[in-house]
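*Asks:* Need the 3D shape of this:
(2 chains)
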Number of protein chains: 2
Amino acid sequence: MGAGGGGSPQIGLLAALQAIEEFGPVPLVDLDELPDDALIMPCGMVGAPTVSLEKPGNGWEGVWLRDRIEALTGQKVAALMCTEIGGANGCEPIGWAARMGLPIVDADGMGRAFPEMPQVSMHLAGIRPDPCVITDERGNVNVLYPTNGLWLERLCRSTAVAFGGRGVTSEYLMTAEQARTATVRGSVSRAIMIGQLIAESADDSVGKLLDAVDGVRLIEGKVVDVERRTTGGFVRGSVIIEGLRGDSGRLVRIEIQNENLVALEDGKVLASVPDIITVLDTQSAEAITTEVLRYGQRITAVAFPCDPIWRTDKGIESAGPRAFGYEFAYQKVEDIHELA
Amino acid sequence: MGAGGGGSPQIGLLAALQAIEEFGPVPLVDLDELPDDALIMPCGMVGAPTVSLEKPGNGWEGVWLRDRIEALTGQKVAALMCTEIGGANGCEPIGWAARMGLPIVDADGMGRAFPEMPQVSMHLAGIRPDPCVITDERGNVNVLYPTNGLWLERLCRSTAVAFGGRGVTSEYLMTAEQARTATVRGSVSRAIMIGQLIAESADDSVGKLLDAVDGVRLIEGKVVDVERRTTGGFVRGSVIIEGLRGDSGRLVRIEIQNENLVALEDGKVLASVPDIITVLDTQSAEAITTEVLRYGQRITAVAFPCDPIWRTDKGIESAGPRAFGYEFAYQKVEDIHELA
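*Replies:* Sure thing, here's the model as predicted:
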């Protein structure tokens, strides 16, 4: 569900499993189970996933965020929420919750991963982003009160770059009552469902996954070129996939800003943000995040519909192709491929 | 007293005079006049003075800092203090104080200006830098809790760069009782004395100034080269002065990081940080800050002793030549020139 972003799920999983082993399991709760005024702390990493590969956290960042938020608000944090349900960002908050004995809510702020801070459902719902708290593995803590989403992104990103390319943040604090309508609900359960399906599948894992998420196969092939730069707190670049088997002779390019943004073939858009473009290992159907793409991988690129909130006018304005500098209008992935 | 730094005093003076005209005069108070527990708010601009020349503040930044500090601490700010008594940073806090009806204390954190955040007497005295509050002319506010002085500098500088090259900050909050031993006292009075002396002088203004501050004339001449870059939130570069009249045939180079750091002649150090190197207009003895140095100016470079606090082991470690990457040991300016 990370659209190639959110950082390495392998590293995030290791961190979460180690914390669970040491501090015990983390309950998954529905927002309806929490009192209306329960304080929900969205959290996740910000920066370039390439950096997180080499410089993981120390596991306590989420605790430092919680401590600062409680000091600022005078309220107790009741539960954590993954800001994005993608990659390491779908796993690491579980480790932080384990350390604090807090539950994780079955929701997130995107139903996928996006590169920029205000690209969350809470922004669309009009929740204030501040105070935004950002920390690093050393214990530096900054509290940001930006004037708007643009400055949230700029100030958070520049802080993450100053930290060495990676920070851990919480913003868009809200009550459970607000979260019930301001988040993408059920996304943790959905991620677990996808994971179980792939883990239990003996063959045609990609096909089973596509059935489960109403997805489209964009190309099956081999990675023949990867261009990737870590710059300004993002991973930017592109990957070129050469078709194999039934797709022999085709070339598809996917363009990247932390996440897979668009898939193109001969100048034609096969899929674009806010829909979810994912590069899968052709055999196992495991997702390959953008920072570990490399020459020679046998992959299948797929796309599937984003949460409906991103298909509203405000959603497309915030995270559609034009929000990333593309000059074409958004078309739903199922509309592009209805004849196929 | 700014050693070429602190930003343009002309712009700072205009801002202060306009605020005083609108909101009334600002009392100058001695720290002994304030109750022991009175909260002192040091404040000033951070960033590259070249930027402040083109992008002045809106005058309310100091008020926004005060408001955030009072919300964070639950205490009322009793008085402002210039973090550094140099250039615009010796003037702008007066405008902010006028808006709030608060006094300015007759002290500062350096007795001069220095480029980096922890180069203050409060750091030497062991006062905590956090919370450091930084704002811009738009109303963005960040609160920093850095783990040490190095991270204070890095995080503040990167925030100032994200703001567009200039921020307004307060850090090293303290009580009047602490400030009595943790600041350079009487520096506002001293700046006023120097200003009056120059303003009232009809001839040999440079000579009178040197008598007043126990200073040394390094060279009288003409600026023949200026190399200046605005990079990483600093002005860096150097200026070359060719001697005139009695100094004909000499060439002196002054190296710059916001402030004048060292004056060199044929590889020999004529003066260095932490002593104060100042470039003066030869006729008027008015200081020329580093961002407005230009080819052809008729100037006299002078140097005079810093406050004794910078000549202690901790002071030299924090702001001596080696703190700026030079490989020579500090020598007092009067020792270098005792034979002259």
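*Asks:* got the residues of the stretch 151-300 of chain A near chain B?
*Replies:* Neighbours of chain B within the stretch 151-300 of chain A, by C-beta under 8 Å from any C-beta of the partner chain: A:Trp151, A:Arg154, A:Leu155, A:Arg157, A:Ser158, A:Thr159, A:Val161, A:Ala162. No exception for glycine: its C-beta is placed from N, CA and C like everyone else's.
*Asks:* how about 6 Å then?
*Replies:* Proximity of the stretch 151-300 of chain A to chain B, by C-beta under 6 Å from any C-beta of the partner chain, involves residues A:Trp151, A:Arg154, A:Leu155, A:Ser158, A:Ala162.
*Asks:* Kindly report the same for the stretch 1-150 of chain A.
*Replies:* A:Arg138, A:Gly139, A:Asn140, A:Val141, A:Asn142, A:Val143, A:Leu144, A:Tyr145, A:Pro146, A:Thr147.
*Asks:* Just the buried residues out of these, in ChimeraX syntax.
*Replies:* Remark: buried members of the residues of the stretch 1-150 of chain A next to chain B, expressed as a ChimeraX selection using 16 or more other C-beta atoms under 10 Å in any protein chain shown:
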select /A:140,141,142,143,144,145,146
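*Asks:* Could you export the residues of the stretch 1-150 of chain A next to chain B to CSV, including columns for distance to B:Val226, secondary structure and pLDDT?
*Replies:* Conversion of those to CSV gives the following (distance: C-beta to C-beta, whole Å; DSSP: H, G, I helix; E, B strand; the rest coil; pLDDT from 0 to 100):
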residue, distance to B:Val226, secondary structure, pLDDT
A:Arg138, 39, coil, 96
A:Gly139, 42, coil, 97
A:Asn140, 37, coil, 97
A:Val141, 40, strand, 97
A:Asn142, 36, strand, 97
A:Val143, 40, strand, 98
A:Leu144, 37, strand, 97
A:Tyr145, 39, strand, 97
A:Pro146, 37, coil, 97
A:Thr147, 36, coil, 95
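*Asks:* how about the strands in the stretch 151-300 of chain A?
*Replies:* Counting by DSSP state E, counting those that start in this stretch, the stretch 151-300 of chain A has strands at residues A:166-170, A:174-175, A:184-185, A:216-231, A:234-243, A:251-257, A:259-265, A:268-272, A:276-281, A:298-304.
*Asks:* Kindly calculate the angle that the last one makes with strand A:234-243.
*Replies:* What separates the directions of strand A:298-304 and strand A:234-243 is an angle of 110 degrees, with axes from the mean of the first three to the mean of the last three C-alpha atoms, to 10 degrees.
*Asks:* Just the C-alphas of strand A:298-304, formatted as PDB.
*Replies:* This file holds the C-alpha atoms of strand A:298-304, laid out as PDB (Å, rounded to 0.1, in the frame of the first residue of the first chain):
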ATOM      1  CA  ARG A 298      12.300  -9.400 -12.200                       C
ATOM      2  CA  ILE A 299       9.300  -7.300 -11.300                       C
ATOM      3  CA  THR A 300       5.600  -6.700 -12.100                       C
ATOM      4  CA  ALA A 301       4.400  -3.100 -11.900                       C
ATOM      5  CA  VAL A 302       0.800  -2.800 -10.800                       C
ATOM      6  CA  ALA A 303      -1.600   0.000 -10.000                       C
ATOM      7  CA  PHE A 304      -4.800   0.100  -7.900                       C
END
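*Asks:* Now tell me what touches that strand from outside.
*Replies:* Residues from elsewhere that reach strand A:298-304, judged by C-beta atoms under 6 Å, 6 or more residues apart in numbering or on different chains: A:206, A:213-220, A:222, A:241, A:271, A:275-280, A:282, A:333.
*Asks:* Using ChimeraX, make a named selection holding only the buried ones among these.
*Replies:* Buried members of these can be picked out in ChimeraX with the line below, counting by 16+ other C-beta under 10 Å:
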select /A:206,213,215,216,217,218,219,220,222,241,271,275,276,277,278,279,280,282,333
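*Asks:* so where is chain A shaky, pLDDT-wise?
*Replies:* Scanning chain A for pLDDT under 70 picks out A:339-340.
*Asks:* domains for it, by residue range?
*Replies:* A:9-187, A:203-336 (automatic domain parsing).
*Asks:* Please identify the most buried of those.
*Replies:* domain A:9-187 (a mean of 22; mean count of other C-beta atoms under 10 Å in any protein chain shown).
*Asks:* Spatially central residue in chain A, please.
*Replies:* Central residue of chain A (C-alpha atoms, centre = their mean): A:Ala113, 2.3 Å from the mean position.
*Asks:* Helices along chain A, start to end?
*Replies:* A:9-23, A:49-54, A:61-73, A:92-100, A:121-124, A:149-162, A:176-182, A:187-200, A:205-213, A:313-319, A:333-336 (DSSP state H).
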